[in-house]
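Trainee: Sequence plus the predicted model coming up.
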Amino acid sequence: MVFQETWELRARFARSLSDMYGTEVPAYTTLVEVSEAVNTDFMDTMGAEAERLGSIGRVTAERHGAIRVGSPEEMSQVAQVFAGFGMYPVGFYDLRDASKSSVPVVSTAFRPTDKDELAKNPFRVFTSMLAADDPRFFSPELQERLQSYIAERHIFSDELVAMAAKAAEGKGLEEVDADKLIELATAAFELNDEPIDEQWYRELEAISAVASDIGGVRYTHINHLTPRVLDIDDLYNRMEARGITMIDEIQGPPDWDGPDILLRQTSFRALDEERMFKFADGTVGPGALRVRFGEVEQRGIALTPQGRELYDTMNTQVDEKLAAGSGKTRVELAREVWAENLPNTEKGLREQGLGYFTYEVTGSAEPGEYDAEQLIDSGVITAQPIVYEDFLPRSAAGIFQSNLKDEGTRDNEQQGTDYDLDTLSKIVGRDIVEPYELYKAQEEASLSAAAQQLGVTIHPTPALQS
Ligand code: OOG
Ligand code: NI
């Protein structure tokens with residue numbers, strides 16, 4: 001009997017979902033192959049520098065998934081399943097207001113929170129819950145039908161939830177149990193071939209394709225699985241060269257002359273998929289659905305609250321310039337705005353308190369008091385950027401939106417249902433952590449460990465004073 005630790009379970013789960021999803025969406029396999037080629041070439045060109053934001057081993061295995069559940073009960077069950085894999089809720093995203101289209105969901109991401117766990121396998125799943133009680137999208141009468149349809153389904157079996165609880169409790173499982181957990185957890189996210197009630201599905205689809213995807217069927221499925229690349233512009237061009245149409249632009253930061261920050265993402269459009277439908281006249285036959293797509297991402301440095309504020313301000317400036325109509329593209333304008341506002345070195349980001357870093361002792365110093373930057377300049381400590389492990393609401397909304405055929409409907413006269421980090425935490429059954437808290441704690445811990453090791457006092461960079 002071999003005991004498998006939490007991280008091994010998580011790595012196996014990610015691999016198993018990836019194998020399954022590759023058989024369901026063959027274009028995903030192409031995306032993974034192209035991503036691997038991009039990463040290998042980037043390593044060849046850049047050498048050790050290529051691994052500044054994660055080892056090639058980590059990056060090659062790295063995926064994020066996206067799933068969508070229908071009710072607070074399903075959200076709480078899926079949280080228990082992810083806990084078995086050492087994945088905990090981080091961040092609150094309200095996509096209802098982040099998008100022009102009708103996207104009636106609130107979300108969090110389940111992921112490892114410890115830096116060593118992240119290094120071993122960073123698998124994360126962006127998890128959205130249908131806000132079936134939001135009157136802007138669903139009339140009282142429809143809410144009732146929708147909620148009872150979802151209440152009747154049983155996506156996460158008792159056996160799966162119990163096995164995940166055992167894994168969480170024991171921080172891993174013996175091999176036989178581990179095999180069972182992976183099998184059950186993978187199956188819970190697999191496409192089901194039960195015919196779809198066409199009338200019900202189309203009724204919800206008219207409001208939002210996201211609503212029909214979640215509440216129009218009796219099961220859930222992986223919406224997409226996203227590999228990580230070290231050069232997303234290269235990936236974008238290679239996919240287009242293969243004749244795969246990508247969405248119009250890369251979401252998030254532009255390609256610019258400075259460090260990678262936060263998260264850049266792009267995707268190819270959702271493809272028509274044939275599914276079996278049960279029609280109103282009782283006959284069963286094929287029909288088309290369009291919900292699943294392929295996405296890819298490049299990760300950069302985690303920003304502090306001030307850094308994030310600057311990022312948001314820059315986005316607003318870009319929007320304004322775009323609206324003013326200069327004939328330039330969003331990306332061209334973004335590059336200009338960035339060059340004007342954002343320091344283009346890691347040192348600059350640190351000095352202005354915009355990014356998070358960890359510190360490692362690489363020399364020695366006389367006892368005394370020092371500024372962190374002083375010790376870095378003299379080679380006593382070395383700074384490493386902390387990679388952004390989370391998501392961006394605007395990009396997430398862009399990803400949702402670029403895959404909707406039409407805007408759907410919403411009634412803004414109605415008062416939306418309140419959801420925030422606290423209400424979603426109660427639903428999830430565990431405190432949702434703010435991403436900043438994790439990065440900040442990591443930075444502080446590394447700095448105090450360095451100070452202790454050197455026997456000196458280190459005055460932190462402005463980033464820590466936030
Ligand atoms: C989730 C969309 C958000 C991302 O990478 O920002 C997302 C979904 O489509 O369910 O995955
Ligand atoms: Ni995604």
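Mentor: Sure, I can see it. Bear in mind the structure is a predicted one, so any value in this text is a computation, not a measurement. Ligands and ions are numbered 1, 2, ... in the order given.

Trainee: need the strands for the stretch 101-250 of the chain, in chain order.
Mentor: Assigned by DSSP state E, counting those that start in this stretch, the stretch 101-250 of the chain shows strands spanning 105-111, 124-130, 172-174, 196-197, 224-227.

Trainee: right, so of those, which gets closest to ligand 1?
Mentor: Of all these, strand 124-130 sits nearest to ligand 1, with 4.1 Å by CB to the nearest ligand atom. Backbone N, C-alpha and C define where each C-beta goes, glycine included.

Trainee: So which residues make contact with the closest one?
Mentor: For strand 124-130, contacts defined as CB atoms under 8 Å, 6 or more residues apart in numbering pick out 64-72, 74-75, 78, 82, 87, 93, 95, 104-112, 146, 150, 210-211, 214-215, 389, 391, 396, 424, 427.

Trainee: One more: stretch 4-13?
Mentor: 61, 84-87, 112, 117, 120-121, 123, 167, 171-175, 178, 181-182, 185-186.

Trainee: hmm, back to that, need the strands of the stretch 101-250 of the chain in CSV (columns: mean pLDDT).
Mentor: Output for the strands of the stretch 101-250 of the chain, formatted as CSV (pLDDT from 0 to 100):
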stretch, mean pLDDT
strand 105-111, 97
strand 124-130, 98
strand 172-174, 98
strand 196-197, 96
strand 224-227, 94
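
Trainee: Could I get those strands in TSV, plus columns for mean neighbour count and distance to ligand 2?
Mentor: Shown next, in TSV, are those (neighbours: other CB atoms under 10 Å; distance: least, CB to the ion, whole Å):
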stretch	mean neighbour count	distance to ligand 2
strand 105-111	26	10
strand 124-130	25	5
strand 172-174	19	28
strand 196-197	19	24
strand 224-227	24	5
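
Trainee: Redo those as JSON lines? Include distance to ligand 1.
Mentor: Below are the strands of the stretch 101-250 of the chain laid out as JSON lines (distance: least, CB to the nearest ligand atom, whole Å):
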{"stretch": "strand 105-111", "distance to ligand 1": "7"}
{"stretch": "strand 124-130", "distance to ligand 1": "4"}
{"stretch": "strand 172-174", "distance to ligand 1": "28"}
{"stretch": "strand 196-197", "distance to ligand 1": "19"}
{"stretch": "strand 224-227", "distance to ligand 1": "6"}
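
Trainee: For the residue of the stretch 251-400 of the chain found nearest ligand 2, list each beta-bridge partner.
Mentor: Closest contact between the stretch 251-400 of the chain and ligand 2, by CB to the ion, is at Glu295 (4.7 Å). In this entry, Glu295 is beta-bridged to Ser267, by DSSP bridges.

Trainee: That one contacts Thr266, doesn't it?
Mentor: Yes: with contact defined as CB atoms under 8 Å, Glu295 reaches Thr266; the gap is 7.1 Å.

Trainee: Quick check on these two: which one has the bigger neighbour count.
Mentor: The residue with more neighbours, out of Glu295 and Thr266, is Thr266; 26 against 23, by other CB atoms under 10 Å.

Trainee: Look up the closest residue to the more buried one, ignoring the ones flanking it.
Mentor: Nearest non-adjacent residue to Thr266, counting by CB to CB, 6 or more residues apart in numbering: Ile250, 4.5 Å away.

Trainee: Which other helices and strands does the helix or strand of the chain with the lowest mean pLDDT contact?
Mentor: Every helix and strand of the chain was ranked by mean pLDDT, DSSP states H and E. The lowest is helix 393-402, at a mean of 80. Packing contacts for helix 393-402, counted by 3 or more CB pairs under 8 Å, 6 or more residues apart in numbering; DSSP states H and E, involve strand 88-94, strand 263-268.

Trainee: contact partners of the next helix or strand after it?
Mentor: The C-terminal neighbour of helix 393-402 among helices and strands, as given by DSSP states H and E, is helix 421-428. Identification of contacts with helix 421-428 by CB under 8 Å, 6+ apart yields 72, 75-76, 79, 89, 92, 106, 108, 129, 431-432, 434.

Trainee: run the last query once more with 7 Å
Mentor: Where contact means CB atoms under 7 Å, 6 or more residues apart in numbering, the residues beyond helix 421-428 that reach it are 72, 75-76, 79, 89, 92, 106, 108, 431-432.

Trainee: Could you turn the buried ones of the residues you listed into a ChimeraX selection?
Mentor: Buried members of the contacts of helix 421-428, defined by 16 or more other CB atoms under 10 Å, are picked up in ChimeraX with:
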select :72,75,76,79,89,92,106,108,432
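
Trainee: Could you report the distance from the residue of the stretch 251-400 of the chain closest to ligand 2 to ligand 1?
Mentor: According to CB to the nearest ligand atom, to the nearest Å, Glu295 stands 6 Å off from ligand 1.

Trainee: Against Lys120, how distant is Met276?
Mentor: Going from Met276 to Lys120 by CB to CB, to the nearest Å gives 40 Å.

Trainee: nope, Gln453 is what I meant
Mentor: Note on Gln453: its distance to Lys120, by CB to CB, is 24 Å.

Trainee: ok, those two, which is more surrounded?
Mentor: Ranked by neighbour count (other CB under 10 Å), Gln453 and Lys120 place Lys120 first, with 20 against 12.

Trainee: tell me which element the residue in the stretch 1-150 of the chain that ligand 2 sits nearest to is part of?
Mentor: With CB to the ion, the shortest gap between the stretch 1-150 of the chain and ligand 2 falls at Ala66, namely 4.6 Å. Using DSSP H and E, Ala66 sits in strand 63-69.

Trainee: do that strand and ligand 1 meet?
Mentor: Yes: using CB under 6 Å from any ligand atom, we find that strand 63-69 touches ligand 1 at 66, 68.

Trainee: Contacts for whichever helix or strand comes after that strand, please.
Mentor: Downstream of strand 63-69, the next assigned helix or strand under DSSP H and E is helix 72-83. Residues outside helix 72-83 that contact it (CB under 7 Å, 6+ apart): 69, 89, 110, 125, 127, 129, 155-156, 160-161, 164-165, 168, 185, 427-430.

Trainee: tell me the mean pLDDT over helix 72-83?
Mentor: For helix 72-83, the mean per-residue pLDDT is 98.

Trainee: quick one: contacts for Gln251?
Mentor: Shown in contact with Gln251 (CB under 7 Å, 6+ apart): 264-266, 395, 398-399.

Trainee: Just give the nearest non-adjacent residue to it, would you?
Mentor: Ser395 (4.0 Å).

Trainee: doesn't Gln265 make contact with the one you found?
Mentor: Yes: if you go by CB atoms under 7 Å, Ser395 and Gln265 touch, sitting 5.3 Å apart.

Trainee: Now for those two: what residues contact both?
Mentor: Common neighbours of Ser395 and Gln265 (criterion: CB under 7 Å, 6+ apart): 251-252.

Trainee: how many other residues sit next to Ser364?
Mentor: Neighbours of Ser364 under the rule other CB under 10 Å: 10.

Trainee: give me phi/psi at it?
Mentor: Backbone torsions for Ser364, taken as degrees, to the nearest 10, come to phi -140, psi 160.

Trainee: okay, now Asn344: neighbour count?
Mentor: Around Asn344 there are 13 other residues, counting by other CB under 10 Å.

Trainee: Relative to Phe42, how far out is it?
Mentor: Asn344 is 20 Å from Phe42, by CB to CB.
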